[in-house]
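Novice: Predicted model and sequence follow; I will ask about them next.
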Amino acid sequence: MSERLIRRQEVIDALKQVIFFAKKDNIVNLNMIDDIEIKGKEVKVTIVFPKLDDPAVGIVYNSVVKTLKQELGDDIIVDVKPVSEAEKGRGPLAGVKNIIAVNAGKGGVGKSTVSANLTVALKKMGYRVGILDADIMGPSIPIMFGVEDGQPGVYEKEGKHVMVPIENYGIKILSLGFFVQPDQALMWRGSMINNAFNQLMKDTDWGNLDYLVIDMPPGTGDIQLTLAQSYPVRGIVTVTTPQKVAAADVRRAAMMYRQDKLTIPLLGIIENMSYFSPPDCPDHKYYIFGQGATEELAEELKIPVLGKVPIIEKVVESGDKGKPLALEDDNEISKVFEDIAKKVVEQIEKL
């Protein structure tokens, strides 16, 4: 008696009974089936999930095995291979090659200024770039790019509303600040903050980008955990000032990304407000906030100092006017950030 042949369509029809409850539909309709391989009585199914640490992976895995055996015969061998959307180049960030998070251990160190000017410097190097303002409690990127009155576009895709970032200076820009009134105080619990952050990440058409720079909130809170656990971040750039107390906060924030389950490469440290040079004596450097703490921390963490940004009044003025100083050519800040951007790219290329 010849062995019964298992047909591909039989497998597909059976898998339509397997529901991915997070999206309230079956795994076939959701386009989660990446590959089906049939060899005699062995059926191998590759299934794409948004992330592999989701408990739903195990539920779907067991359901696939049970359903196929029930429909095609208990004697068949079922091999289920879960893969992530990131591995298959799928999902909302499929067109983004590198995600860089700019982090700081404490507020007030100029993290958003660094994020904005780093993004501009990468753009000037010829890369396709975007910036996401994830500092939900204090979004300032819209002001720094002169788009605080802008409204992102929206279109419908597969029954879901998708945002389109605003563009200025050739840079794609998105921030919660676009959706909140300037005088509106945000009193949100952790789950609300996470939901807002996930919407900015997942429900946005970023298109094709070489670099997406994320201006993170300070500290080690909910968004930092969500970013590390749910998104393919290439590396962290951390910002500090020369004071030892700032370095201590950076150390805590940096070590968060060296936990077993949150391992993301630390690309290096940027020291902001490093020194002051009077306009009439540009060769004189006054280290108002001290020296050495950043180098000590970099040596301890075994990461490079990517650059030192001086205190220059025009940096603040340009941010307030919506035109990051790095957009200009032949000034000290643009040269500093050009060098920083080159070093960031070098660090990523080493990974």
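Specialist: Here it is on my side, so go on. Numbering: from 1, shown residues only.
Novice: make it CA atoms for all contacts and neighbour counts henceforth
Specialist: Noted.
Novice: Show the low-confidence segments of the stretch 101-250 of the chain, by residue range.
Specialist: 158-159, 181-190 (pLDDT under 70).
Novice: That one: helices as residue ranges?
Specialist: For the stretch 101-250 of the chain, applying DSSP state H, counting those that start in this stretch gives helices covering 111-124, 141-144, 190-202, 222-230, 244-256.
Novice: and the fourth one, what other elements does it pack with?
Specialist: Contacts of helix 222-230 with other secondary structure elements, assessed using 3 or more CA pairs under 8 Å, 6 or more residues apart in numbering; DSSP states H and E, are made with helix 190-202.
Novice: what does the first one give?
Specialist: Judged by 3+ CA pairs under 8 Å, 6+ apart, the packing partners of helix 111-124 are strand 96-104, strand 129-133, helix 141-144, strand 209-215, helix 332-350.
Novice: Which of these sits closest to residue 198?
Specialist: strand 129-133 (11.5 Å; CA to CA).
Novice: what angle do that closest one and strand 96-104 make?
Specialist: Comparing the axes of strand 129-133 and strand 96-104 via axes from the mean of the first three to the mean of the last three CA atoms, to 10 degrees yields an angle of 40 degrees.
Novice: Can you give the contact residues for strand 129-133?
Specialist: Residues from elsewhere that reach strand 129-133 (CA atoms under 8 Å, 6 or more residues apart in numbering): 116, 119, 122-123, 139-141, 171-176, 200, 206, 209-216.
Novice: Pull out the buried residues from those residues.
Specialist: 116, 119, 122-123, 139-141, 171-176, 200, 206, 209-216 (16 or more other CA atoms under 10 Å).
Novice: circling back: residue 340: which of the helices of the stretch 101-250 of the chain is closest?
Specialist: The closest approach between residue 340 and any of the helices of the stretch 101-250 of the chain, judged by CA to CA, belongs to helix 111-124 at 7.4 Å.
Novice: From the chain's centroid, how far away is the closest one?
Specialist: Centre-to-centre, helix 111-124 and its host chain are 15 Å apart (CA atoms, centre = their mean, to the nearest Å).
Novice: contacting residues around it?
Specialist: For helix 111-124, contacts defined as CA under 8 Å, 6+ apart pick out 102-104, 129-131, 140-141, 144-145, 170-171, 213-215, 239, 272, 315, 319, 324-327, 334, 337-338, 340-342.
Novice: tell me which residues of that helix are tucked away?
Specialist: Counting neighbours by 16+ other CA under 10 Å, one finds that the buried residues in helix 111-124 are 111-124.
Novice: Stretch 272-279 too?
Specialist: Taking 16+ other CA under 10 Å as the neighbour-count basis, stretch 272-279 is seen to contain the buried residues 272-276.
Novice: mind checking how far it is from the chain centre?
Specialist: Chain-centre distance of stretch 272-279: 31 Å, with CA atoms, centre = their mean.
Novice: ends of stretch 101-112, how far apart?
Specialist: One end of stretch 101-112 to the other measures 11 Å (CA to CA, to the nearest Å).
Novice: My reading is that residue 46 lies in a helix. Confirm?
Specialist: No. When DSSP: H, G, I helix; E, B strand; the rest coil is applied, residue 46 is found to be strand, with no helix at that position.
Novice: For it, list the residues it contacts.
Specialist: Contacts for residue 46 were tallied using CA under 8 Å, 6+ apart; they are 33-36, 80-83.
Novice: May I have the beta-bridge partners of it?
Specialist: Beta-bridge partners of residue 46, counted by DSSP bridges, are residue 35, residue 81.
Novice: so residue 164 makes contact with residue 206?
Specialist: Yes. Contact between residue 164 and residue 206 holds when scored by CA atoms under 8 Å: they sit 7.1 Å apart.
Novice: Could you export the buried residues of stretch 272-279 as CSV, including pLDDT, secondary structure and distance to residue 222?
Specialist: Supplementary listing: the buried residues of stretch 272-279 in CSV, determined by pLDDT from 0 to 100; DSSP: H, G, I helix; E, B strand; the rest coil; distance: CA to CA, whole Å:
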residue, pLDDT, secondary structure, distance to residue 222
272, 95, coil, 25
273, 93, coil, 28
274, 93, coil, 30
275, 92, coil, 33
276, 90, strand, 35
